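Peer 1: fold the following, please.
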Amino acid sequence: MSRAFFQAFDPPAARIAAAVSLAAMLVWCASVALQSDFSQVVRANTDDAFYYFTAARNLAAGHGLTVDGIHPTNGFHPLWLLLLLPVFLGHLPPDASLRAVTLLQGVLLAVGAIVLYRVHQRMFSARTALASTLLFLLFVVPSSMAGMESALLVLLLVLLYAAGAALYQQPQQRRPAVLVGVLLGLVLLARLDLVFLPLALALAIMLKLPDRQTRLTFAPAAVRVAASAAVVVLPYLLFNVIEFGAVMPISGAVKSTFPSLTPTHGPLGALSAKDFVAVGLAVGWLICSLLRLRARVAGAVAPYRGVAITVMALTLVLHLAYTVLFMKWGVFFWYYAFYPLVAVLILAVGIQAILQSTLLQTHPLLYWLGLGVLIVFGITRHVHQARNSHGEWQLVTYEAARWVREHTDAGAIFGMTDSGVFSYFSCRRVINLDGIVNTMDFQRQIAAGRVNDYLGANGVDYLVQHAVLGHEDVVRGDYTSMPIRILSHRFDVIGDPVMVYRKDELYRSLPYSHGTGDTVLVIWRYAQAGAPAARAAGDLCQRG
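Peer 2: Next up, the predicted model:
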């Protein structure tokens, strides 16, 4: 076929292919949410995501900001919680609500894909837009469908990327600046550790706009952006200070050692292969940007895509540095949810350059062959990861939670680490013993050696261990007693041992594989259970 034919064929074909790809993504999201095997829906969501779902359910039921139904907490990013609220205002059964949340994530990511395609179509070409959208669908969407705030964050970053283009073209206009500021504020509320984004924005502007006159042109816009973002974010931060005594939510306070350095290998271990690729691309982009500064003509304004990508790449690097240097535990893949998006933005520039090369101009069919290879690789990779994914303990916990809902009093109170799935499906009050959705007082009680006093004062009836590790006799069931030791992650102190006994076992799962060996989930009656001031009136999943 002639080169002229392909030049005429490519733009409409790219648009059609983008629409088909988006439709396929929506079908996939729907299949994940609506599949008949509900256990796979549970596995598709992380345990931490269920803290959000339980908090949203409690808020919808009028119980306030709480996960355990007893203690107020701010151990979550606020915007995703608020977006979940309409789902739980319907007071659907837990299974149906979880399916609805899965569909919601798919819709958010679909909107993000559409916006990204349209921006890149204007910025580059239809073919580049299609290729970058496929990268987005294959490598950003699957890892953002885990129930956390990732889908919302990715959408907001894409919207910010699109809105920034309008502001960059007309910095004197007030409306684009306000829109960028509001979106920037929403990004921070979606994930608070993206505080590095406004810092990167300020640094990138200084680097990319070296001419003093050019910076003065953008100064009013920068002030409007900062003011609009502050209006969005400051009320939440003030609320944290008034209600909880600190700006940082408890989930961040128990994980971060800032300003004390505590570099560990844990955060790096949570990076996937595509995250490492994103880090390499971001670092390479920043190095090239610095090298290009010397060649910049005085008074010239850098292209928007260069500034925007520099901001995102710098945000990634600063975020990674903070995570590695100051986060001591509990860092998982969703901390890096925006990294593949940064890679997609950088690769779009490279794709456009390749499409303008002599080889692709002479042999345009290579473009479509390349897309075919990309699709096959992306789908194969996703299928492989799905088959080898872990999460059996979540299914075991799900079954235990269902048993508890059917066989325990509605007012029963439980204590458990990694309690997300259990809290959500048991519909009981479950005090989180990790502390990430508890209070700072709990951390102080652990450090003071008063864990048993705390559990008794809060009326804990049962203790749950989702995976008994280091006690083979407990796994076999031929033990007499076992100490449960709870760590204060905030103060790095292990509290007084909480003793559990074989005679007090209420529930024991079948052995299942966890880590390098077999383990079991066990529920014990707590021997020192006290009487709390107020018991739950009934099943927390039921209305009224």
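Peer 1: hmm, residue 440 is touching residue 245, no?
Peer 2: Yes. Taking C-beta atoms under 8 Å as the definition, residue 440 is a contact partner of residue 245 at 7.3 Å. Backbone N, C-alpha and C define where each C-beta goes, glycine included.
Peer 1: who's more crowded, the two?
Peer 2: When residue 440 and residue 245 are compared for neighbours, residue 440 comes out ahead with 16 against 9, by other C-beta atoms under 10 Å.
Peer 1: which of the three states applies to residue 482?
Peer 2: Assigned state for residue 482: strand (three-state reduction, DSSP: H, G, I helix; E, B strand; the rest coil).
Peer 1: residues in contact with it?
Peer 2: By C-beta atoms under 8 Å, 6 or more residues apart in numbering, the residues touching residue 482 are 468, 471, 474, 499-501.
Peer 1: buried ones among those?
Peer 2: Buried members of the contacts of residue 482, scored by 16 or more other C-beta atoms under 10 Å, are 468, 474, 499-500.
Peer 1: okay, residue 522 and residue 34: tell me how far apart.
Peer 2: 33 Å (C-beta to C-beta, to the nearest Å).
Peer 1: if you could redo that for residue 434, that was the one I meant.
Peer 2: Here residue 434 is placed at a distance of 32 Å from residue 34 (C-beta to C-beta).
Peer 1: who's more crowded, those two?
Peer 2: Between residue 434 and residue 34, counted using other C-beta under 10 Å, the more crowded position is residue 434 (23 against 12).
Peer 1: which one is that one nearest to, not counting chain neighbours?
Peer 2: Ranked by C-beta to C-beta, 6 or more residues apart in numbering and with sequence neighbours excluded, the top spatial neighbour of residue 434 is residue 417, at 4.8 Å.
Peer 1: next one, pLDDT for residue 387 please.
Peer 2: Here, the pLDDT recorded for residue 387 equals 65.
Peer 1: what sits against residue 97?
Peer 2: 53, 57, 87-88, 90.
Peer 1: for residue 106, that is, sorry about that
Peer 2: 25-26, 29-30, 32-33, 145, 151.
Peer 1: and the two most separated of the residues you listed?
Peer 2: 30 and 151 (14.5 Å; C-beta to C-beta).
Peer 1: give me the more crowded residue out of the two.
Peer 2: residue 151 (30 against 14).
Peer 1: that one belongs to a helix?
Peer 2: Yes. Remark: residue 151 belongs to a helix, assigned using three-state DSSP.
Peer 1: pretty sure it is touching residue 105, no?
Peer 2: Yes. Under the criterion of C-beta under 8 Å, residue 151 makes contact with residue 105 at 4.0 Å.
Peer 1: shared neighbours, these two?
Peer 2: Counting by C-beta under 8 Å, 6+ apart, the residues touching both residue 151 and residue 105 are 144-145.
Peer 1: hmm, back to that, most surrounded residue in the contacts of residue 106?
Peer 2: Neighbour-wise, the contacts of residue 106 (other C-beta under 10 Å) top out at residue 151, 30 neighbours.
Peer 1: list the contacts of it.
Peer 2: Taking C-beta under 8 Å, 6+ apart as the criterion, residue 151 is in contact with 104-106, 108-109, 112, 144-145.
Peer 1: please redo it, this time with the cut-off set to 10 Å
Peer 2: Neighbouring residues of residue 151 by C-beta atoms under 10 Å, 6 or more residues apart in numbering: 29, 80, 83, 101-102, 104-112, 140-141, 144-145, 190, 337.
Peer 1: please apply the same query to residue 12.
Peer 2: For residue 12, the contact set (C-beta under 10 Å, 6+ apart) comprises residue 126.
Peer 1: that one sits in which helix or strand?
Peer 2: Assigned by DSSP states H and E, residue 12 falls within helix 3-34.
Peer 1: how about residue 518?
Peer 2: strand 517-519.
Peer 1: what mean pLDDT would you report for the helix or strand just after that strand?
Peer 2: Moving toward the C-terminus from strand 517-519, the next helix or strand (DSSP H and E) is strand 522-525. For strand 522-525, the mean pLDDT works out to 98.
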